[in-house]
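> show me how the following folds:
(chains A and B)
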Amino acid sequence: MSISKTYNPKETEDKWYSYWLEKKFFKSVPDEREPYTIVIPPPNVTGVLHMGHMLNNTIQDVLIRRARMLGKNACWVPGTDHASIATEAKVVAMLKERGIEKKDISRQEFLKYAWEWKEKYGGIILKQLEKLGASCDWDRTRFTMDEPLSEAVIDTFIHLHKKGLIYRGIRMVNWDPKGKTAVSDEEVIRREVNQKLYYIRYKVAGDSNAYIVIATTRPETIMADTAVCINPNDERYQHLKGKKVLVPLINREIPIIEDEYVEMEFGTGCLKVTPAHDLNDYELGVKHNLPVIDILNDDGTLNEKAEILIGEERFIARKKIAKLLEEAAQLEKVEDYKSQVGFSERTDAAIEPKLSMQWFCKMDEMAQPALEYVLKGDIKLIPDKFINTYRHWMENVKDWCISRQLWWGQQIPAWYLPNGQYVVAKTREEAFLEAQRIKSAPADLKPEDLKQDEDVVDTWFSSWLWPISVFDPSVCGNPEAKGNADLNYYYPTNDLVTAPEILFFWVARMIMAGHEFRGELPFRNVYLTGIVRDKIGRKMSKSLGNSPDPIGLIETYGADGVRVGMLLCSPAGNDLMFDESYCEQGRNFANKIWNAFRLVKGWEVDPQLDFVNEQAVNWYESRFNEALAEIENHFDQYRLSEALMATYKLVWDDFCAWYLEMVKPAYQQPIDKQTFDVTLEFFERILTLLHPFMPFLTEELWHDELFGQRDELQCCIVAPYPKSAEVNSLLLRDVDSIKQVISEIRNIRNSKQISPKEPLPLGIKVNSEISFKNYFNIIYKLANVSEISLVESKIDGAASFIVGRDEFFVSLAGNIDTEAERERITKELDYLAGFLKSVNAKLSNERFVQNAKAEIIENERNKKADAEAKIAMLQQSLGAL
RNA sequence: GGGAGAUUAGCUCAGCUGGUUCAGAGCAUCUGCCUUACAAGCAGAGGGUCACUGGUUCGAACCCAGUAUCUCCCA
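Numbers count the residues shown, from 1 in each chain, chains lettered A, B, ... in the order given. Model (predicted):
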């Protein structure tokens, strides 16, 4: 092993990752052990690793590695989703570069290019996860468009359609004019945008001088107006009732209708009604039986129904309309206005509400049991504050628009007869058989007359099957199927780690699908991570350029350093303010461990030597067990950053700063065999405890010859996780006092500018039951004390301090500064007097003595006794000065 | 507009059922150290009106009400 002064991650990471792969440590097959399963939230196949993935996958890897070491059959299933809109956009761009337009090629040709693209770029993110150390079972890697998984999607569609849970209908959908597809409500991101509010004059028909003013943010849609609406209670507009107005520029006549829906305070109190381009207007239109005029093409340009500005893009049209209105003297004024606008999650295009024929999945029925699982606690959301949000959504869930006007994805298995009727079936042949049963079907119907629906289903319609389909896709759509061995062994999975943003998108729907096809929940715990922000709280994003390159971070700080850095700043469910300095802290920690190892490795053993470190060894043993219990408790509650911090302190403070210093032999002196052996054992245990957080460093050290010969499968990654054992709390308490004594002596040295090299004599006046003799060698070593004497009375002229009930005296070579000493003691006396006063106040309060629990009163009495004793000691010291 | 959550040291966060010397941790800061594992380090120190105002209680960071600010979700 190299003995370089610092840990060098580059020399170990690839080496051990390949080794783990080669020895198949990540691989899982069902056996008699208890399974522990995580399915990865499949990243978008077009994606590259960002900080959110780093956090998310670090957490999953910590959980899976720990489970593996706890002896469970750990299985982490990786994969990607096909991300229809995003991928299709990439492919369209790629084709464009090659001079090919999507509209000029067939669906089959397009898909060929798309697969080509996917094979070439689709695996990048998974490769990046390897750098992080992710111990996924790569043999199980799945893609949502793999043949069997796609088939599962189709079967699911058919099944739900048969159950009446999927239907087709005309609805107002969120239209993405850039992706030229519908998107679901969850894929629309609302943002506040600075807009203008245009005040437009509509002339009253038959009265060339009269007009009303309407305020709108979307003047380009006036050509689609089919009414103007006023509130019937609005005093200002009583005279307009029953009249008509003319749409400006095109002078089409539209009625004035009345509805209390109109807010009198907003704008002018007059609302233009545009049923084709606004959800609320649509509903108003249905209520008042208004026609629908759709003036927009799928790409967001104006069509011939607009009559003017045909072919112009909607936002350009908006500017031009404003100008035309102004020229026609029909634009009264323009005001700045802020409002919420929806944007497509994938393309960032402003969403256009659009009426269209789409497929929907009914949600309310499926939401019911999915809500129950969470409310009953069968599925735990961590942190549980998300239960409320979840419930609110589930109780107000709307039907899910699942069709997308794209080619990349699973094509909807609906087949249209020439007369417009349709059947849902897996293949053309089956569809033909189905179709023949339709009474009104043409008698001479041939299979080739059927035309399959052009659309594909939403990517999430694949993803919601993920926890099932990665194991056995064949049960999706077939709830009666038993499922294969994998599914029966691994499902339900244990933990799901994901971002709260997709609680509804995905988590809720996985629960629905799990219930539908397995009658069972898909996972038991959902750990919701926070959003990674920069140190000033901004969400990390490409456009802001405030996100560090994860792979760059790994190169700078090492994978272990970055993993530790991510976890140090990530309380569950709270956003984390990421800063590179956390990774630096992680790297420093790795280095600390490395150097502790170098120390132990450098020791020479002399078998002749007596075992002199019994107290230190026993203390550390207890301390380790105490910390382990604490760490396990943190893990049980998914408090990973606290589990890490407890580990960090155990290693750095207890093991390195105290234990190793206690047992460390003097320079170039050998160590006794027993201490050496037990220290190695302690070190091994630390490595196993650290492994889930820092897999590379620990595996590297684990294989050092210092620990003896290991066979090729004896690796840290599968070493048994330590088990907590008994804690000697008396010993822990004693050593706490000893540590305090040592600190006090160091402090005296420090404040008096005495070199740590100069040994000082220590006198102890023992008033407690602590057997200080047992700890003499520790005190000698760590406080650099020349001699220790147990004394019966105070030592005059010495610096003194109190720990617990015992008094300590350090005689200094020079004269002590009486004045400073007096001041220090007086200060402490003042504090104690105040403290005693407050304790006495409590104890003399009758109501306290009556109401408080016995043990609390007892405690107050102890506090009083301790304080009084201390005051007495200090007063004596003061007198002795 | 409706809902949820947050506010504790310069920063990031713990603080469980109200009760110990309970106001904590890590980082950062300051002071002193190149003490043969580690300066990516060692030893020590300082730092807080627990957002604000009331209330309940023998006792409040913790419970209740209101105010302010921030974040998220939904419309």
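
> just the pLDDT for residue A:813.
Per-residue pLDDT puts residue A:813 at 68.

> show me the contact partners of stretch A:511-521.
Residues from elsewhere that reach stretch A:511-521 (CB atoms under 8 Å, 6 or more residues apart in numbering): A:156, A:160, A:363, A:366-367, A:369-370, A:373-374, A:378-379, A:464-465, A:467-468, A:475-479, A:483, A:491-492, A:522. From N, CA and C alone the C-beta is placed, and that goes for glycine too.

> what's the answer for stretch A:773-782, then?
By CB under 8 Å, 6+ apart, the residues outside stretch A:773-782 that reach it are A:612, A:615-616, A:661-662, A:664, A:734-735, A:738, A:741-742, A:745, A:762, A:772, A:785, A:788, A:790.

> can you list the domains in chain A?
According to automatic domain parsing, chain A comprises the domains A:31-155+A:463-529, A:190-345, A:554-704, A:731-880.

> start and end of the first one, how far apart?
Going back to what we said before, that points to domain A:31-155+A:463-529. One end of domain A:31-155+A:463-529 sits 31 Å from the other (CA to CA, to the nearest Å).

> so residue A:200: helix, strand or coil?
strand (DSSP: H, G, I helix; E, B strand; the rest coil).

> quick one: contacts for it?
Residue A:200 sits next to A:213-216, A:219, A:222, A:248, A:272, A:325, A:330-332 when contact means CB under 8 Å, 6+ apart.

> rerun that using 6 Å as the cut-off
Counting by CB atoms under 6 Å, 6 or more residues apart in numbering, residue A:200 makes contact with residue A:214.

> can you name the residue of the stretch 551-700 of chain A nearest RNA strand B?
residue A:588 (3.1 Å; CB to the nearest atom of the strand).

> what is the burial count for that residue?
For residue A:588, the count of nearby residues is 15 (other CB atoms under 10 Å).

> and the one helix or strand it maps to, C-alpha only, in PDB?
In this assignment (DSSP states H and E), residue A:588 forms part of helix A:580-602. As requested, the backbone C-alpha atoms of helix A:580-602 are provided in PDB (Å, rounded to 0.1, in the frame of the first residue of the first chain):
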ATOM      1  CA  GLU A 580     -18.400  23.100  -2.300                       C
ATOM      2  CA  SER A 581     -16.900  23.600   1.100                       C
ATOM      3  CA  TYR A 582     -19.000  20.600   2.300                       C
ATOM      4  CA  CYS A 583     -17.200  18.500  -0.200                       C
ATOM      5  CA  GLU A 584     -14.000  19.900   1.100                       C
ATOM      6  CA  GLN A 585     -15.000  18.800   4.500                       C
ATOM      7  CA  GLY A 586     -15.700  15.400   3.200                       C
ATOM      8  CA  ARG A 587     -12.300  15.200   1.500                       C
ATOM      9  CA  ASN A 588     -10.600  16.300   4.700                       C
ATOM     10  CA  PHE A 589     -12.500  13.600   6.600                       C
ATOM     11  CA  ALA A 590     -11.300  11.000   4.200                       C
ATOM     12  CA  ASN A 591      -7.800  12.200   4.700                       C
ATOM     13  CA  LYS A 592      -8.100  12.100   8.400                       C
ATOM     14  CA  ILE A 593      -9.100   8.400   8.300                       C
ATOM     15  CA  TRP A 594      -6.200   7.800   5.900                       C
ATOM     16  CA  ASN A 595      -3.700   9.300   8.200                       C
ATOM     17  CA  ALA A 596      -5.100   7.500  11.300                       C
ATOM     18  CA  PHE A 597      -4.500   4.400   9.300                       C
ATOM     19  CA  ARG A 598      -0.900   5.500   8.500                       C
ATOM     20  CA  LEU A 599      -0.300   5.900  12.200                       C
ATOM     21  CA  VAL A 600      -1.500   2.400  13.100                       C
ATOM     22  CA  LYS A 601       0.300   0.900  10.200                       C
ATOM     23  CA  GLY A 602       3.600   2.500  11.400                       C
END
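
> so which elements touch that helix?
Judged by 3 or more CB pairs under 6 Å, 6 or more residues apart in numbering; DSSP states H and E, helix A:580-602 is in contact with helix A:550-557, helix A:559-568.

> show me the helices in the stretch 601-750 of chain A, by range?
According to DSSP state H, counting those that start in this stretch, the stretch 601-750 of chain A carries its helices in the segments A:614-636, A:640-649, A:661-663, A:673-690, A:695-702, A:729-751.

> any chance of TSV for those, columns distance to residue A:554 and mean pLDDT?
Shown next, in TSV, are those (distance: least, CB to CB, whole Å; pLDDT from 0 to 100):
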stretch	distance to residue A:554	mean pLDDT
helix A:614-636	25	94
helix A:640-649	18	94
helix A:661-663	33	95
helix A:673-690	18	96
helix A:695-702	10	97
helix A:729-751	37	91
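
> please work out which of the helices and strands packed on helix A:580-602 is packed deepest.
helix A:559-568 (a mean of 27; mean count of other CB atoms under 10 Å).

> same for that helix, what does it pack against?
helix A:51-69, helix A:580-602, helix A:640-649, helix A:695-702.

> mind putting these into TSV with distance to residue A:852?
TSV is the format used below for the helices and strands packed on helix A:559-568 (distance: least, CB to CB, whole Å):
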stretch	distance to residue A:852
helix A:51-69	42
helix A:580-602	43
helix A:640-649	31
helix A:695-702	49
